[in-house]
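# Sequence below, structure please.
(one chain, ligands or ions: 1)
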Amino acid sequence: MTRAPLDIAIAGCGVAGLALATLLRQQGARVVVYDRLQTPRPLGSGIIVQPVGLHVLDAIGAGRAVRELGSPIERLYGLSGERIVLDVRYRARGRQAACGLGVHRGALFQALYDAALASGAEIVSGHEIVGASDGRLAFAGGKQSATFDLVVDALGMRSPLSRPPDAPLPFGALWASLDWAGPFDPAALEQRYVAARKMAGVLPIGRLQGEERQQTAFFWSLKHADHAAWRATPLAAWKDEVLALWPATAPLLQQIRSHDDLVFASYAHRTLRAPVSRHCAHVGDSWHCASPQLGQGANMALLDAFALARALETQSNLDAALGEYARTRLWHIRLYQAVSYLFTPAYQSDSAMIAWLRDFLLSPLSRIPPAPQMLAALVAGEWGAPVSAIGLPSPRERTRAGEG
Ligand SMILES: Cc1cc2nc3c(=O)[nH]c(=O)nc-3n(C[C@H](O)[C@H](O)[C@H](O)COP(=O)(O)OP(=O)(O)OC[C@H]3O[C@@H](n4cnc5c(N)ncnc54)[C@H](O)[C@@H]3O)c2cc1C
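Below you'll find the model as predicted:
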(Lines give C-alpha, C1' and ligand atoms only; values in the text may rest on other atoms or scores of the structure.)
Protein backbone atom coordinates (compact mmCIF):
# COMPACT_ATOMS: atom_id res chain seq x y z
CA MET A 1 0.00 0.00 0.00
CA THR A 2 1.58 3.25 -1.14
CA ARG A 3 -0.01 5.67 1.39
CA ALA A 4 0.11 3.09 4.12
CA PRO A 5 -1.32 2.64 6.60
CA LEU A 6 -4.73 3.92 5.49
CA ASP A 7 -7.57 4.26 8.02
CA ILE A 8 -10.66 2.68 6.53
CA ALA A 9 -14.22 2.42 7.90
CA ILE A 10 -16.34 -0.34 6.43
CA ALA A 11 -20.09 0.09 6.87
CA GLY A 12 -21.69 -3.36 6.91
CA CYS A 13 -20.63 -6.73 8.17
CA GLY A 14 -21.95 -8.84 5.27
CA VAL A 15 -20.18 -10.74 2.53
CA ALA A 16 -18.53 -7.70 0.94
CA GLY A 17 -17.66 -5.93 4.19
CA LEU A 18 -16.04 -8.92 5.87
CA ALA A 19 -14.11 -9.97 2.76
CA LEU A 20 -12.80 -6.44 2.27
CA ALA A 21 -11.86 -6.06 5.93
CA THR A 22 -9.71 -9.19 5.78
CA LEU A 23 -7.99 -8.23 2.55
CA LEU A 24 -7.23 -4.69 3.75
CA ARG A 25 -5.86 -5.93 7.06
CA GLN A 26 -3.63 -8.36 5.16
CA GLN A 27 -2.26 -5.29 3.34
CA GLY A 28 -1.60 -3.45 6.60
CA ALA A 29 -4.50 -0.96 6.62
CA ARG A 30 -6.30 -0.05 9.86
CA VAL A 31 -9.88 -1.25 9.53
CA VAL A 32 -13.04 -0.74 11.58
CA VAL A 33 -16.23 -2.52 10.48
CA TYR A 34 -19.58 -1.16 11.76
CA ASP A 35 -22.89 -3.04 11.68
CA ARG A 36 -26.29 -2.49 13.25
CA LEU A 37 -26.66 -6.04 14.50
CA GLN A 38 -25.90 -6.55 18.18
CA THR A 39 -24.47 -9.95 17.37
CA PRO A 40 -23.42 -9.94 13.74
CA ARG A 41 -25.12 -12.88 12.01
CA PRO A 42 -26.31 -13.81 8.55
CA LEU A 43 -29.94 -13.52 7.54
CA GLY A 44 -31.54 -15.83 5.00
CA SER A 45 -31.10 -19.37 3.85
CA GLY A 46 -28.56 -20.69 1.37
CA ILE A 47 -26.80 -19.48 -1.74
CA ILE A 48 -24.55 -20.78 -4.48
CA VAL A 49 -21.03 -19.41 -4.36
CA GLN A 50 -19.86 -19.53 -7.96
CA PRO A 51 -16.32 -20.47 -9.06
CA VAL A 52 -15.24 -16.80 -9.34
CA GLY A 53 -16.42 -16.16 -5.78
CA LEU A 54 -14.54 -19.23 -4.58
CA HIS A 55 -11.31 -17.78 -6.12
CA VAL A 56 -11.73 -14.73 -3.90
CA LEU A 57 -12.51 -16.82 -0.82
CA ASP A 58 -9.28 -18.74 -1.49
CA ALA A 59 -7.34 -15.48 -1.77
CA ILE A 60 -8.77 -14.38 1.60
CA GLY A 61 -7.92 -17.73 3.17
CA ALA A 62 -11.56 -18.70 3.83
CA GLY A 63 -11.99 -21.07 0.86
CA ARG A 64 -11.10 -24.25 2.67
CA ALA A 65 -13.48 -23.61 5.60
CA VAL A 66 -16.36 -22.88 3.22
CA ARG A 67 -15.65 -25.92 1.02
CA GLU A 68 -15.55 -28.24 4.06
CA LEU A 69 -19.10 -27.21 4.94
CA GLY A 70 -20.73 -26.59 1.55
CA SER A 71 -22.14 -28.92 -1.02
CA PRO A 72 -20.56 -29.00 -4.53
CA ILE A 73 -23.13 -28.13 -7.19
CA GLU A 74 -22.45 -29.59 -10.64
CA ARG A 75 -25.72 -28.87 -12.36
CA LEU A 76 -28.70 -26.51 -12.46
CA TYR A 77 -31.74 -28.43 -13.57
CA GLY A 78 -35.36 -27.37 -14.09
CA LEU A 79 -38.54 -29.07 -15.34
CA SER A 80 -41.77 -27.58 -16.63
CA GLY A 81 -44.10 -30.58 -16.60
CA GLU A 82 -42.02 -33.34 -18.16
CA ARG A 83 -39.98 -30.93 -20.25
CA ILE A 84 -36.39 -30.06 -19.26
CA VAL A 85 -36.19 -26.30 -19.62
CA LEU A 86 -33.02 -25.60 -17.61
CA ASP A 87 -29.95 -27.79 -17.77
CA VAL A 88 -26.65 -26.10 -17.09
CA ARG A 89 -23.63 -28.26 -16.24
CA TYR A 90 -20.56 -26.47 -14.87
CA ARG A 91 -18.33 -29.14 -16.44
CA ALA A 92 -19.51 -28.18 -19.92
CA ARG A 93 -16.55 -25.74 -19.59
CA GLY A 94 -14.14 -28.69 -19.29
CA ARG A 95 -13.81 -31.91 -17.31
CA GLN A 96 -11.69 -30.26 -14.62
CA ALA A 97 -13.69 -27.02 -14.53
CA ALA A 98 -14.65 -25.73 -11.08
CA CYS A 99 -18.27 -26.18 -9.93
CA GLY A 100 -20.46 -24.01 -7.74
CA LEU A 101 -20.81 -24.55 -4.00
CA GLY A 102 -24.17 -24.57 -2.21
CA VAL A 103 -23.62 -23.04 1.25
CA HIS A 104 -25.71 -22.07 4.22
CA ARG A 105 -25.42 -18.32 4.65
CA GLY A 106 -24.46 -19.00 8.26
CA ALA A 107 -21.49 -21.11 7.16
CA LEU A 108 -20.30 -18.48 4.68
CA PHE A 109 -20.75 -15.70 7.22
CA GLN A 110 -18.89 -17.58 9.96
CA ALA A 111 -15.95 -18.38 7.67
CA LEU A 112 -15.68 -14.72 6.60
CA TYR A 113 -16.21 -13.43 10.14
CA ASP A 114 -13.50 -15.74 11.52
CA ALA A 115 -11.11 -14.61 8.77
CA ALA A 116 -11.82 -10.93 9.50
CA LEU A 117 -11.28 -11.36 13.25
CA ALA A 118 -8.11 -13.39 12.68
CA SER A 119 -6.79 -10.64 10.40
CA GLY A 120 -7.14 -8.12 13.25
CA ALA A 121 -10.09 -6.14 11.88
CA GLU A 122 -12.06 -4.31 14.57
CA ILE A 123 -15.78 -5.14 14.37
CA VAL A 124 -18.18 -2.73 16.10
CA SER A 125 -21.76 -3.98 16.44
CA GLY A 126 -25.00 -2.26 17.45
CA HIS A 127 -24.44 0.85 15.27
CA GLU A 128 -27.29 1.84 12.95
CA ILE A 129 -25.70 3.88 10.15
CA VAL A 130 -27.78 6.73 8.76
CA GLY A 131 -25.33 8.73 6.69
CA ALA A 132 -21.72 9.50 5.74
CA SER A 133 -19.81 12.62 4.82
CA ASP A 134 -16.16 13.65 4.50
CA GLY A 135 -14.83 10.34 5.78
CA ARG A 136 -17.16 10.05 8.79
CA LEU A 137 -20.13 7.80 9.44
CA ALA A 138 -23.26 9.15 11.10
CA PHE A 139 -25.15 6.85 13.45
CA ALA A 140 -28.78 6.84 14.61
CA GLY A 141 -29.02 8.91 17.78
CA GLY A 142 -26.73 11.61 16.42
CA LYS A 143 -23.26 10.20 17.14
CA GLN A 144 -20.50 10.20 14.52
CA SER A 145 -17.44 8.06 13.90
CA ALA A 146 -13.89 9.37 13.84
CA THR A 147 -12.65 10.61 10.46
CA PHE A 148 -11.28 7.97 8.10
CA ASP A 149 -9.31 8.23 4.85
CA LEU A 150 -12.07 6.23 3.20
CA VAL A 151 -15.57 5.05 4.07
CA VAL A 152 -16.72 1.92 2.27
CA ASP A 153 -20.44 1.33 1.90
CA ALA A 154 -21.07 -2.43 2.23
CA LEU A 155 -24.59 -2.00 3.62
CA GLY A 156 -26.34 -4.13 1.03
CA MET A 157 -29.50 -3.59 -0.96
CA ARG A 158 -31.13 -1.05 1.37
CA SER A 159 -28.02 0.99 2.12
CA PRO A 160 -28.84 4.52 3.32
CA LEU A 161 -25.54 5.62 1.75
CA SER A 162 -26.62 4.61 -1.75
CA ARG A 163 -29.44 5.55 -4.10
CA PRO A 164 -32.61 3.64 -3.15
CA PRO A 165 -33.17 0.55 -5.30
CA ASP A 166 -35.82 0.55 -8.02
CA ALA A 167 -39.34 -0.53 -7.02
CA PRO A 168 -39.41 -4.14 -5.76
CA LEU A 169 -39.82 -6.71 -8.54
CA PRO A 170 -43.35 -8.18 -8.61
CA PHE A 171 -42.06 -11.62 -7.56
CA GLY A 172 -39.99 -12.46 -4.52
CA ALA A 173 -39.71 -15.85 -2.81
CA LEU A 174 -40.32 -17.72 0.41
CA TRP A 175 -37.17 -19.39 1.73
CA ALA A 176 -36.39 -21.97 4.42
CA SER A 177 -33.33 -23.98 5.46
CA LEU A 178 -34.49 -27.53 6.12
CA ASP A 179 -32.90 -30.88 6.93
CA TRP A 180 -31.92 -32.75 3.81
CA ALA A 181 -34.72 -35.22 2.97
CA GLY A 182 -36.12 -36.62 -0.25
CA PRO A 183 -34.97 -38.06 -3.55
CA PHE A 184 -33.13 -34.94 -4.73
CA ASP A 185 -29.82 -34.83 -6.56
CA PRO A 186 -27.23 -33.87 -3.89
CA ALA A 187 -25.10 -32.15 -6.57
CA ALA A 188 -27.79 -30.08 -8.30
CA LEU A 189 -29.98 -27.03 -7.86
CA GLU A 190 -33.37 -28.44 -8.93
CA GLN A 191 -36.39 -26.36 -9.88
CA ARG A 192 -39.96 -27.05 -11.03
CA TYR A 193 -42.09 -24.49 -12.88
CA VAL A 194 -45.61 -23.79 -14.04
CA ALA A 195 -44.95 -21.37 -16.90
CA ALA A 196 -43.08 -18.56 -15.10
CA ARG A 197 -45.93 -18.04 -12.61
CA LYS A 198 -44.93 -20.75 -10.16
CA MET A 199 -41.49 -21.99 -9.18
CA ALA A 200 -40.23 -24.28 -6.45
CA GLY A 201 -36.54 -24.94 -5.86
CA VAL A 202 -34.32 -27.22 -3.81
CA LEU A 203 -30.64 -26.37 -3.28
CA PRO A 204 -28.24 -28.54 -1.25
CA ILE A 205 -26.37 -26.22 1.15
CA GLY A 206 -24.23 -28.60 3.23
CA ARG A 207 -24.00 -27.99 6.95
CA LEU A 208 -23.29 -25.36 9.56
CA GLN A 209 -20.08 -25.25 11.63
CA GLY A 210 -20.25 -27.73 14.51
CA GLU A 211 -23.27 -29.59 13.08
CA GLU A 212 -23.51 -32.91 11.30
CA ARG A 213 -26.92 -32.64 9.67
CA GLN A 214 -26.93 -31.80 5.99
CA GLN A 215 -29.35 -29.08 4.98
CA THR A 216 -31.20 -27.89 1.93
CA ALA A 217 -32.58 -24.50 0.97
CA PHE A 218 -36.17 -24.74 -0.20
CA PHE A 219 -37.78 -21.82 -2.01
CA TRP A 220 -41.16 -20.96 -3.47
CA SER A 221 -41.77 -18.04 -5.81
CA LEU A 222 -44.39 -15.63 -4.47
CA LYS A 223 -45.62 -12.24 -5.55
CA HIS A 224 -44.92 -9.37 -3.24
CA ALA A 225 -48.58 -8.38 -3.46
CA ASP A 226 -49.73 -11.90 -2.51
CA HIS A 227 -47.60 -12.27 0.60
CA ALA A 228 -50.25 -11.03 3.06
CA ALA A 229 -52.92 -13.26 1.48
CA TRP A 230 -50.53 -16.24 1.67
CA ARG A 231 -50.03 -15.64 5.40
CA ALA A 232 -53.80 -15.52 5.91
CA THR A 233 -54.35 -18.83 4.08
CA PRO A 234 -54.02 -22.12 6.01
CA LEU A 235 -50.56 -23.60 5.48
CA ALA A 236 -52.09 -26.93 4.38
CA ALA A 237 -53.65 -25.29 1.32
CA TRP A 238 -50.27 -23.91 0.26
CA LYS A 239 -48.60 -27.28 0.86
CA ASP A 240 -51.20 -28.94 -1.39
CA GLU A 241 -50.31 -26.47 -4.12
CA VAL A 242 -46.58 -27.23 -3.80
CA LEU A 243 -47.19 -31.00 -3.69
CA ALA A 244 -49.32 -30.83 -6.81
CA LEU A 245 -46.35 -29.29 -8.61
CA TRP A 246 -43.62 -31.41 -7.02
CA PRO A 247 -44.74 -34.43 -4.93
CA ALA A 248 -41.13 -35.25 -3.95
CA THR A 249 -41.03 -32.19 -1.68
CA ALA A 250 -43.33 -33.94 0.86
CA PRO A 251 -40.52 -34.73 3.38
CA LEU A 252 -39.36 -31.11 3.19
CA LEU A 253 -42.83 -29.66 3.61
CA GLN A 254 -43.40 -31.83 6.69
CA GLN A 255 -40.68 -29.80 8.41
CA ILE A 256 -42.56 -26.53 7.82
CA ARG A 257 -45.04 -26.15 10.67
CA SER A 258 -46.01 -22.51 10.50
CA HIS A 259 -45.89 -19.57 8.13
CA ASP A 260 -43.05 -18.18 10.26
CA ASP A 261 -40.80 -21.08 9.21
CA LEU A 262 -40.56 -19.40 5.81
CA VAL A 263 -38.90 -16.01 5.28
CA PHE A 264 -40.13 -13.81 2.44
CA ALA A 265 -37.36 -12.15 0.42
CA SER A 266 -38.20 -9.38 -2.01
CA TYR A 267 -35.85 -8.40 -4.81
CA ALA A 268 -35.07 -5.14 -6.55
CA HIS A 269 -32.58 -3.96 -9.14
CA ARG A 270 -30.17 -1.01 -8.95
CA THR A 271 -26.85 -0.25 -10.60
CA LEU A 272 -25.12 2.98 -9.64
CA ARG A 273 -23.36 4.60 -12.59
CA ALA A 274 -20.17 4.90 -10.56
CA PRO A 275 -19.24 3.09 -7.34
CA VAL A 276 -17.20 5.97 -5.91
CA SER A 277 -17.70 9.48 -4.66
CA ARG A 278 -15.64 11.74 -2.38
CA HIS A 279 -14.12 9.65 0.43
CA CYS A 280 -16.66 6.88 -0.23
CA ALA A 281 -16.74 3.65 -2.26
CA HIS A 282 -19.64 1.22 -2.66
CA VAL A 283 -19.12 -2.55 -2.76
CA GLY A 284 -21.59 -5.40 -3.23
CA ASP A 285 -25.35 -4.86 -3.25
CA SER A 286 -25.02 -1.19 -2.29
CA TRP A 287 -23.54 -0.65 -5.78
CA HIS A 288 -25.53 -3.24 -7.71
CA CYS A 289 -28.39 -5.47 -6.63
CA ALA A 290 -30.57 -7.78 -8.71
CA SER A 291 -32.96 -10.70 -8.45
CA PRO A 292 -30.99 -13.83 -7.52
CA GLN A 293 -32.01 -15.83 -10.62
CA LEU A 294 -28.42 -15.91 -11.87
CA GLY A 295 -26.99 -16.51 -8.39
CA GLN A 296 -24.25 -13.87 -8.71
CA GLY A 297 -24.75 -11.31 -5.91
CA ALA A 298 -22.34 -12.75 -3.36
CA ASN A 299 -19.75 -13.45 -6.06
CA MET A 300 -19.91 -9.92 -7.32
CA ALA A 301 -19.59 -8.65 -3.74
CA LEU A 302 -16.47 -10.78 -3.28
CA LEU A 303 -14.98 -9.61 -6.57
CA ASP A 304 -15.67 -5.97 -5.63
CA ALA A 305 -13.90 -6.48 -2.31
CA PHE A 306 -10.82 -7.95 -3.97
CA ALA A 307 -10.78 -5.28 -6.68
CA LEU A 308 -10.98 -2.40 -4.18
CA ALA A 309 -8.31 -3.87 -1.90
CA ARG A 310 -6.00 -4.47 -4.84
CA ALA A 311 -6.51 -0.97 -6.25
CA LEU A 312 -5.70 0.54 -2.83
CA GLU A 313 -2.57 -1.57 -2.68
CA THR A 314 -1.25 -0.87 -6.15
CA GLN A 315 -2.22 2.76 -6.91
CA SER A 316 -0.20 5.75 -5.78
CA ASN A 317 -3.06 7.71 -4.19
CA LEU A 318 -6.66 7.35 -3.08
CA ASP A 319 -8.23 9.02 -6.12
CA ALA A 320 -6.24 6.85 -8.50
CA ALA A 321 -7.18 3.75 -6.49
CA LEU A 322 -10.90 4.54 -6.57
CA GLY A 323 -10.72 5.19 -10.31
CA GLU A 324 -8.91 1.90 -10.87
CA TYR A 325 -11.48 0.06 -8.72
CA ALA A 326 -14.36 1.39 -10.79
CA ARG A 327 -12.56 0.67 -14.06
CA THR A 328 -11.76 -2.95 -13.25
CA ARG A 329 -15.29 -3.84 -12.11
CA LEU A 330 -17.59 -1.75 -14.30
CA TRP A 331 -17.77 -4.01 -17.35
CA HIS A 332 -18.51 -7.22 -15.43
CA ILE A 333 -21.11 -5.49 -13.26
CA ARG A 334 -22.94 -3.94 -16.20
CA LEU A 335 -22.91 -7.21 -18.14
CA TYR A 336 -24.32 -9.31 -15.32
CA GLN A 337 -26.86 -6.71 -14.23
CA ALA A 338 -28.17 -6.57 -17.79
CA VAL A 339 -28.34 -10.37 -18.12
CA SER A 340 -30.06 -10.69 -14.72
CA TYR A 341 -32.58 -8.08 -15.80
CA LEU A 342 -33.30 -9.98 -19.03
CA PHE A 343 -33.40 -13.48 -17.51
CA THR A 344 -35.57 -12.80 -14.45
CA PRO A 345 -38.95 -12.71 -16.26
CA ALA A 346 -38.20 -16.12 -17.81
CA TYR A 347 -38.44 -17.61 -14.32
CA GLN A 348 -40.63 -15.17 -12.41
CA SER A 349 -43.40 -13.40 -14.31
CA ASP A 350 -47.03 -13.69 -15.35
CA SER A 351 -46.12 -13.71 -19.02
CA ALA A 352 -47.22 -16.92 -20.76
CA MET A 353 -45.39 -15.75 -23.88
CA ILE A 354 -42.02 -15.41 -22.12
CA ALA A 355 -42.44 -18.86 -20.53
CA TRP A 356 -43.33 -20.31 -23.93
CA LEU A 357 -40.24 -18.76 -25.52
CA ARG A 358 -38.14 -20.16 -22.66
CA ASP A 359 -39.53 -23.68 -23.09
CA PHE A 360 -39.84 -23.97 -26.85
CA LEU A 361 -37.12 -21.68 -28.22
CA LEU A 362 -34.39 -20.88 -25.69
CA SER A 363 -34.30 -24.30 -24.08
CA PRO A 364 -33.77 -26.25 -27.37
CA LEU A 365 -31.24 -23.63 -28.54
CA SER A 366 -29.35 -23.92 -25.26
CA ARG A 367 -28.44 -27.54 -26.10
CA ILE A 368 -26.67 -26.67 -29.37
CA PRO A 369 -22.89 -26.12 -28.93
CA PRO A 370 -21.35 -23.78 -27.98
CA ALA A 371 -24.44 -22.71 -25.96
CA PRO A 372 -23.89 -25.26 -23.11
CA GLN A 373 -20.33 -23.99 -22.59
CA MET A 374 -21.45 -20.36 -22.78
CA LEU A 375 -24.26 -20.86 -20.29
CA ALA A 376 -21.97 -22.72 -17.90
CA ALA A 377 -19.47 -19.84 -18.08
CA LEU A 378 -22.29 -17.33 -17.52
CA VAL A 379 -23.47 -19.12 -14.38
CA ALA A 380 -19.90 -19.60 -13.16
CA GLY A 381 -19.57 -15.80 -13.22
CA GLU A 382 -16.86 -15.86 -15.90
CA TRP A 383 -18.38 -13.71 -18.64
CA GLY A 384 -16.33 -10.54 -18.96
CA ALA A 385 -13.22 -12.25 -17.48
CA PRO A 386 -13.66 -10.60 -14.05
CA VAL A 387 -10.87 -12.52 -12.34
CA SER A 388 -8.07 -11.34 -14.62
CA ALA A 389 -9.58 -7.82 -14.76
CA ILE A 390 -9.02 -7.37 -11.03
CA GLY A 391 -5.56 -8.97 -11.03
CA LEU A 392 -6.60 -12.05 -9.04
CA PRO A 393 -4.29 -14.95 -9.89
CA SER A 394 -6.19 -17.94 -11.32
CA PRO A 395 -6.06 -21.21 -9.32
CA ARG A 396 -3.53 -22.55 -11.88
CA GLU A 397 -1.29 -19.49 -11.45
CA ARG A 398 -1.53 -19.82 -7.65
CA THR A 399 -0.53 -23.48 -7.84
CA ARG A 400 2.42 -22.56 -10.06
CA ALA A 401 3.43 -19.90 -7.55
CA GLY A 402 3.39 -22.57 -4.84
CA GLU A 403 0.31 -21.41 -2.92
CA GLY A 404 -2.07 -24.12 -4.04
C1 LIG B 1 -33.20 -14.93 -1.36
C2 LIG B 1 -31.83 -14.60 -1.90
C3 LIG B 1 -31.08 -15.58 -2.55
C4 LIG B 1 -29.81 -15.29 -3.05
N5 LIG B 1 -29.07 -16.26 -3.68
C6 LIG B 1 -27.81 -15.97 -4.11
C7 LIG B 1 -26.97 -16.99 -4.70
O8 LIG B 1 -27.37 -18.15 -4.87
N9 LIG B 1 -25.72 -16.65 -5.06
C10 LIG B 1 -25.23 -15.38 -4.88
O11 LIG B 1 -24.07 -15.12 -5.21
N12 LIG B 1 -26.01 -14.40 -4.35
C13 LIG B 1 -27.27 -14.66 -3.96
N14 LIG B 1 -28.04 -13.68 -3.39
C15 LIG B 1 -27.50 -12.31 -3.31
C16 LIG B 1 -26.52 -12.15 -2.15
O17 LIG B 1 -27.10 -12.62 -0.95
C18 LIG B 1 -26.15 -10.69 -2.01
O19 LIG B 1 -25.78 -10.18 -3.26
C20 LIG B 1 -24.99 -10.51 -1.02
O21 LIG B 1 -25.34 -10.96 0.26
C22 LIG B 1 -24.61 -9.03 -0.97
O23 LIG B 1 -23.61 -8.86 0.00
P24 LIG B 1 -23.36 -7.45 0.66
O25 LIG B 1 -22.18 -7.64 1.55
O26 LIG B 1 -23.33 -6.40 -0.39
O27 LIG B 1 -24.65 -7.13 1.54
P28 LIG B 1 -25.27 -7.97 2.74
O29 LIG B 1 -24.77 -9.35 2.74
O30 LIG B 1 -26.73 -7.73 2.66
O31 LIG B 1 -24.68 -7.25 4.06
C32 LIG B 1 -25.11 -5.97 4.47
C33 LIG B 1 -24.73 -5.78 5.94
O34 LIG B 1 -25.01 -4.43 6.28
C35 LIG B 1 -25.72 -4.38 7.52
N36 LIG B 1 -26.57 -3.18 7.46
C37 LIG B 1 -27.50 -2.90 6.53
N38 LIG B 1 -28.03 -1.67 6.77
C39 LIG B 1 -27.40 -1.18 7.85
C40 LIG B 1 -27.47 0.07 8.56
N41 LIG B 1 -28.31 1.07 8.19
N42 LIG B 1 -26.67 0.26 9.62
C43 LIG B 1 -25.79 -0.69 10.02
N44 LIG B 1 -25.67 -1.89 9.38
C45 LIG B 1 -26.48 -2.13 8.32
C46 LIG B 1 -26.50 -5.67 7.58
O47 LIG B 1 -26.78 -6.02 8.94
C48 LIG B 1 -25.53 -6.64 6.91
O49 LIG B 1 -24.67 -7.23 7.86
C50 LIG B 1 -29.31 -13.96 -2.92
C51 LIG B 1 -30.07 -12.98 -2.28
C52 LIG B 1 -31.34 -13.30 -1.78
C53 LIG B 1 -32.15 -12.22 -1.09
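
# Tell me how far the closest residue to residue 90 other than its chain neighbours lies from residue 125.
Nearest residue to residue 90, sequence neighbours excluded (C-beta to C-beta, 6 or more residues apart in numbering): residue 99, at 4.3 Å. Any C-beta I mention is one placed from the backbone N, CA and C, and that applies to glycine too. Applying C-beta to C-beta, to the nearest Å, the value for residue 99 to residue 125 is 35 Å.

# Look at the two and report which has more neighbours.
Between residue 99 and residue 125, counted using other C-beta atoms under 10 Å, residue 99 has the larger neighbour count: 20 against 14.

# Assess the claim that the more buried one and residue 74 are in contact.
Yes - between residue 99 and residue 74 a contact is recorded at 5.0 Å, counting by C-beta atoms under 8 Å.

# joint contacts of these two?
Taking C-beta atoms under 8 Å, 6 or more residues apart in numbering as the criterion, residue 99 and residue 74 both touch 90, 91, 187.

# Buried subset of those residues as a ChimeraX selection?
The following ChimeraX command selects only the buried members of those, with burial defined by 16 or more other C-beta atoms under 10 Å:
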select :90
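
# what's the closest of the shared contacts of residue 99 and residue 74 to the ligand?
Proximity of the shared contacts of residue 99 and residue 74 to the ligand (C-beta to the nearest ligand atom) peaks at residue 90, which lies at 13.9 Å.

# most centrally placed residue in this protein?
residue 298 (2.5 Å; C-alpha atoms, centre = their mean).

# nearest spatial neighbour of it, skipping sequence neighbours?
With sequence-adjacent residues excluded and distances taken as C-beta to C-beta, 6+ apart, residue 298 is closest to residue 15, at 4.9 Å.

# what do you get for residue 334?
Of all residues apart from its sequence neighbours, residue 271 sits closest to residue 334 (C-beta to C-beta, 6+ apart), at 6.9 Å.

# From the ligand, how far out is that neighbour?
When C-beta to the nearest ligand atom, to the nearest Å is applied, the distance between residue 271 and the ligand equals 13 Å.

# With residue 213 instead?
On the measure of C-beta to the nearest ligand atom, residue 213 and the ligand end up 21 Å apart.

# cool, and residue 180?
The gap separating residue 180 from the ligand is 17 Å, by C-beta to the nearest ligand atom.

# For burial, what's the neighbour tally of the residue nearest to that residue when sequence neighbours are not counted?
With C-beta to C-beta, 6+ apart as the criterion, residue 180 has its nearest non-adjacent residue at 4.1 Å, and that residue is residue 214. Residues contacting residue 214 under the criterion other C-beta under 10 Å number 14.

# Tell me if I'm right that residue 214 and residue 208 touch.
No - applying C-beta under 8 Å as the test, residue 214 and residue 208 come out as separate, 10.1 Å apart.

# still on that earlier bit, correct me if wrong: the residue nearest to the centre of the chain contacts residue 53.
Yes - in this structure, residue 298 is within contact of residue 53 by C-beta under 8 Å, at 5.8 Å.

# what's residue 135 in contact with, if anything?
When contacts are counted by C-beta under 8 Å, 6+ apart, residue 135 is found next to 9, 147, 148, 149, 150, 151, 279.
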